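Asks: Need coordinates for the below:
(chains A, B, C and D)
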Protein chains: 2
Amino acid sequence: MTDTERPAEPERVRAPNIRDVARVAGVSYQTVSRVLNDSPSIRPETLQRVREAIDELGYRPNQAARALVTSRSRTIGVLAAQTVHYGPATSIQAIETAAREAGYRLSITNISSSEYASIKSGLDYLMSQSIEALIVIAPQVRVFEAISDLQIGVPFVTLEATGLSSDHSLWVDQVQGARIATRHLIELGHTEIMHISGPQDWIEAEARMQGFLRELGDADLRTRAPILGDWTASFGYYAGLELLRYQDFTAVFAGNDQMALGFMHACRELGLSVPGDISIVGFDDVPESAHYAPPLTTVRQNFAEIGRRAVALLLGELRGEVEMNHDPVQPELIIRQSTARRP
Amino acid sequence: MTDTERPAEPERVRAPNIRDVARVAGVSYQTVSRVLNDSPSIRPETLQRVREAIDELGYRPNQAARALVTSRSRTIGVLAAQTVHYGPATSIQAIETAAREAGYRLSITNISSSEYASIKSGLDYLMSQSIEALIVIAPQVRVFEAISDLQIGVPFVTLEATGLSSDHSLWVDQVQGARIATRHLIELGHTEIMHISGPQDWIEAEARMQGFLRELGDADLRTRAPILGDWTASFGYYAGLELLRYQDFTAVFAGNDQMALGFMHACRELGLSVPGDISIVGFDDVPESAHYAPPLTTVRQNFAEIGRRAVALLLGELRGEVEMNHDPVQPELIIRQSTARRP
DNA sequence: GGTCGCGATGTGTACGTTCACATCGGCGAC
DNA sequence: GTCGCCGATGTGAACGTACACATCGCGACC
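Replies: The predicted structure follows:
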């Protein structure tokens, strides 16, 4: 391809730059720069000429050069785990949209395990992208460690955390969500309620567990040790097979919809009716949960909303604005057909 | 913040650059550059000194400066739709991992609708990021148009497409997958088989439909017009309610697992047994499908594999290597309990 | 009517890196 | 012993943009 025999050929096709535009428009490059950054003091007629030149050449600003000179990467980093799950995926999608609209790009990195090394290497990667802000959607217990270890010098928020480190977290009120789910079961007369939790190192799993335990405590009901799961339907299934051997409970609050699904599968296989014999509540309200067998009573949380808020919060902080709405997003109980009065 | 009254303050904290490292290590900046790009001709002892200086200062190469001078952004663009779905999400995750390992970052953009304008604006955004390669996971019928319109001058692949535009597509053999699903139903004695398809503008929906129709044709069975859905469980549910009023079929091949789930919900609601009265096959093998009621017979496709292959293919192309493995990934029929011999 | 102010535009420089080329010392071949 | 080559390192550019400052013309104010 390179062995062209026409030496007159100028050179490799180079993307037009700001000076090319300036030449075509008959102005200085600085004027073009002003147009690009929509400076107020440009004569309308000049503006017009420059715009035409830009279109004619198909000019696009070079982001790298911009980033270099302004030392602003216009990149938001996202540290994520479990991105194939509905919740994180939905949040990320909202984040992407909000960021793009604000002129920011995203740099996403997935961490595969919740080990410190994995988190650290993920953060390390993000820092090498010179991100301006950070959003964490991951098992967060060790993330805070890593963030301080690495001296992340940028604003950050963690999604879906507890209120513990309030400044940096933005959350659906998981505790509240767990409470309304549990209360619903209690109001239906259930006294022996089991909880299948998410992994211990996910703060929201912890929060849901807390909410569950507190609500039980408030109702003076016996609490039993929650089962620590891994968010998957398979875990719910096998946990169900195991737990249902004793049947010393009549209701289950699952840490998410998938585990609830698996649990219902186990019930079916053991000939137990949901909600006839066992009531079950999930968490998240994934779109499919309305079509489970039976349709699942669950707690809806607005994943997209917290994604958007995260971006708004960070951009505000970058602009030096005062802090914004830190109120937790309120979750909502969606009652379907997997819960019934205690038999 | 800027009105500090200590003029002695040097300046704002500036990230260390290559010259700072050079100074500390007692070498020239070019030597540091060589270390960073692991040039072969460096004395081990010099290498050592430079490495120490890098660690000491916590130096990180400035990607923007790199991109500027090399005019290589080391970014792969991903144009995606429906990223909350299992398939795309899984592929993207694999892409991200593979890209990162190869030293590339990802720029993902979600398109919300399959309208030309939306696709174009997504591509436009990606081009403004000066991506080096492009991966498309989206309704592709109009994407090709947009790609040629915008003169995307970079290598690209579309995931999960048909073999139509073979050079640029990488795919699970959707036609084959649909055929084995359909054949399975035929072998069970079903002769009246319904197909609920994905949206018309998704090429894989089209491919699955083709596979379905061809297999039916080969078996000399009556073909009926597929129903055009939108991938959601809700669509499957409402389509089921509608279609089952006539019950002139005994089996359904759904374009994905979610629609199959919704359809089974409709069956249940109408008092029909799956697989007793109606057999149903899905597509994708989402992790939950093993726990549906009943566990779903479906076609597994390896989303992660095609994600990885896409990256490998593009990186190969960028390096000017010869084309790689274009063979479609073979899908696999997973037989569970939603299909049975025709009653 | 001269100067001040301001709107509109142009000129120099810096950002941090890599590439091309220059330099320098030492070692082997004749 | 000297020439040439090569390994190891250093110097000068250039990438494309935004910021700081300079310049120019024009109307208004006294």
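Asks: Tell me who's in contact with residue A:235.
Replies: Contacts of residue A:235 were listed using Cβ atoms under 8 Å, 6 or more residues apart in numbering or on different chains, and they are A:196, A:229, A:259, A:262. The C-beta positions use only the backbone N, C-alpha and C, and glycine is treated the same way.
Asks: From what I see, the third one and residue A:239 are in contact.
Replies: Going back to what we said before, that points to residue A:259. Yes: Residue A:259 lies in contact with residue A:239 (Cβ atoms under 8 Å); the separation is 7.4 Å.
Asks: the more surrounded of the two?
Replies: The residue with more neighbours, out of residue A:259 and residue A:239, is residue A:259; 30 against 22, by other Cβ atoms under 10 Å in any protein chain shown.
Asks: and the gap between residue A:115 and residue A:138?
Replies: Residue A:115 sits 12 Å away from residue A:138, taking Cβ to Cβ, to the nearest Å as the criterion.
Asks: Repeat that for residue A:209.
Replies: Residue A:209 is 18 Å from residue A:138, where distance means Cβ to Cβ.
Asks: try residue A:98
Replies: Distance from residue A:98 to residue A:138, by Cβ to Cβ: 19 Å.
Asks: So between those two, which is more surrounded?
Replies: residue A:138 (28 against 21).
Asks: Just the ones of the contacts of residue A:235 in strands?
Replies: Here DSSP state E is the test, and the contacts of residue A:235 give residue A:196 as lying in strands.
Asks: Just the ones in helices from the contacts of residue A:235, please.
Replies: Among these, the residues falling in helices (DSSP state H) are A:259, A:262.
Asks: Let me have the contacts of residue A:235 in JSON lines, adding distance to DNA strand C and pLDDT as columns.
Replies: Formatted as JSON lines, these follow (distance: Cβ to the nearest atom of the strand, whole Å; pLDDT from 0 to 100):
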{"residue": "A:196", "distance to DNA strand C": "49", "pLDDT": "97"}
{"residue": "A:229", "distance to DNA strand C": "45", "pLDDT": "96"}
{"residue": "A:259", "distance to DNA strand C": "46", "pLDDT": "98"}
{"residue": "A:262", "distance to DNA strand C": "49", "pLDDT": "98"}
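Asks: At the contact with DNA strand C, which residues of chain A appear?
Replies: With Cβ under 7 Å from any atom of the strand as the criterion, chain A meets DNA strand C at residues A:27-31, A:34, A:39-43, A:45-46, A:65, A:68-69, A:71.
Asks: Now restrict these to buried residues only.
Replies: Neighbour counting with 16 or more other Cβ atoms under 10 Å in any protein chain shown marks A:27, A:31, A:34, A:46, A:65, A:68 as buried within these.
Asks: Would you mind identifying the next helix or strand past the helix or strand of chain A with the lowest mean pLDDT?
Replies: Across the helices and strands of chain A, mean pLDDT, DSSP states H and E gives its lowest value to strand A:169-170, namely a mean of 66. Downstream of strand A:169-170, the first helix or strand assigned by DSSP states H and E is helix A:174-187.
Asks: picking that back up, overlap of the contact sets of residue A:259 and residue A:239?
Replies: Shared contacts of residue A:259 and residue A:239, defined by Cβ under 8 Å, 6+ apart, are found at A:196, A:229.
Asks: Local confidence estimate at the closest residue to chain B within the stretch 151-300 of chain A?
Replies: Going by Cβ to the nearest Cβ, chain B is nearest to residue A:293 of the stretch 151-300 of chain A, at 3.6 Å. The confidence metric pLDDT takes the value 95 at residue A:293.
Asks: so how many other residues sit close to residue A:224?
Replies: The local packing of residue A:224 (other Cβ under 10 Å) involves 14 other residues.
Asks: now swap in residue A:145 and tell me
Replies: For residue A:145, using other Cβ under 10 Å, the count is 13.
Asks: tell me the contacts of it?
Replies: For residue A:145, counting by Cβ under 8 Å, 6+ apart, the contacting residues are residue A:116.
Asks: other SSEs contacting the one helix or strand residue A:67 maps to?
Replies: Following DSSP H and E, the helix or strand that holds residue A:67 is helix A:63-70. In terms of contacts (3 or more Cβ pairs under 8 Å, 6 or more residues apart in numbering or on different chains; DSSP states H and E), helix A:63-70 is packed against helix B:63-70.
Asks: need the next SSE after the helix it packs on, C-terminal direction.
Replies: strand B:75-80.
Asks: for residue A:134, phi and psi?
Replies: Torsion angles at residue A:134 (phi, psi; degrees, to the nearest 10) stand at phi -140, psi 140.
Asks: coming back round to it: hmm, the residue of the stretch 151-300 of chain A closest to chain B is touching residue B:268, no?
Replies: Yes: using Cβ under 8 Å, residue A:293 is in contact with residue B:268, at 6.0 Å.
Asks: what do the two both touch?
Replies: Counting by Cβ under 8 Å, 6+ apart, the shared contacts of residue A:293 and residue B:268 are residue B:293.
Asks: between those two, who's got more neighbours?
Replies: Comparing residue A:293 with residue B:268 by other Cβ under 10 Å, the one with more neighbours is residue A:293, at 22 against 17.
Asks: Just to be sure, the more buried one is in a strand?
Replies: No: Residue A:293: not assigned to a strand; according to DSSP: H, G, I helix; E, B strand; the rest coil it is coil.
Asks: chain center to the helix holding residue A:67, what's the gap?
Replies: 28 Å (Cα atoms, centre = their mean, to the nearest Å).
Asks: again, but for stretch A:182-202
Replies: Its chain's average C-alpha position is 24 Å from that of stretch A:182-202, according to Cα atoms, centre = their mean.
Asks: Just the terminal-to-terminal distance for that stretch.
Replies: Stretch A:182-202 has an end-to-end distance of 20 Å (Cα to Cα, to the nearest Å).
Asks: For chain A, give me the ranges with low pLDDT.
Replies: For chain A, applying pLDDT under 70 flags the ranges A:1-13, A:140-141, A:160-172, A:322-326.
Asks: domains for it, by residue range?
Replies: What automatic domain parsing lists as the domains of chain A is A:18-61, A:71-172+A:303-318, A:174-301.
Asks: Kindly indicate the member of the contacts of residue A:235 with the most neighbours.
Replies: Neighbour counts for the contacts of residue A:235, by other Cβ under 10 Å, peak at residue A:259, which reaches 30 neighbours.
Asks: any idea how far that residue is from residue A:45?
Replies: Taking Cβ to Cβ, one finds residue A:259 at 65 Å from residue A:45.
Asks: Also residue A:30?
Replies: From residue A:30 over to residue A:45 the distance is 17 Å, taken as Cβ to Cβ.
Asks: Counting neighbours, which bits of stretch A:52-64 end up buried?
Replies: For stretch A:52-64, a neighbour-count test (16+ other Cβ under 10 Å) marks A:53-54, A:57, A:59, A:61-64 as buried.
Asks: And the helices in the stretch 151-300 of chain A?
Replies: Using DSSP state H, counting those that start in this stretch, the helices of the stretch 151-300 of chain A run over A:174-187, A:203-218, A:233-243, A:257-269.
Asks: which of those is buried the deepest?
Replies: Comparing the helices of the stretch 151-300 of chain A by mean neighbour count (mean count of other Cβ atoms under 10 Å in any protein chain shown), helix A:257-269 ranks first with a mean of 26.
Asks: helices or strands next to that one in the packing?
Replies: Where contact means 3+ Cβ pairs under 8 Å, 6+ apart, helix A:257-269 is packed against helix A:233-243, strand A:251-254, strand A:279-281.
Asks: Residue B:175: which of these is closest?
Replies: Of all the helices and strands packed on helix A:257-269, helix A:233-243 sits nearest to residue B:175, with 29.4 Å by Cβ to Cβ.
Asks: Using PDB, write out every CA atom in that closest one.
Replies: Extracted in PDB, the C-alpha atoms of helix A:233-243 (Å, rounded to 0.1, in the frame of the first residue of the first chain):
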ATOM      1  CA  ALA A 233     -30.100 -18.000  40.600                       C
ATOM      2  CA  SER A 234     -28.200 -21.200  41.000                       C
ATOM      3  CA  PHE A 235     -27.200 -20.300  44.500                       C
ATOM      4  CA  GLY A 236     -30.800 -19.600  45.400                       C
ATOM      5  CA  TYR A 237     -31.800 -23.000  44.000                       C
ATOM      6  CA  TYR A 238     -29.200 -25.000  45.900                       C
ATOM      7  CA  ALA A 239     -29.800 -23.000  49.100                       C
ATOM      8  CA  GLY A 240     -33.500 -23.700  48.700                       C
ATOM      9  CA  LEU A 241     -32.900 -27.400  48.300                       C
ATOM     10  CA  GLU A 242     -30.900 -27.400  51.400                       C
ATOM     11  CA  LEU A 243     -33.000 -25.100  53.600                       C
END
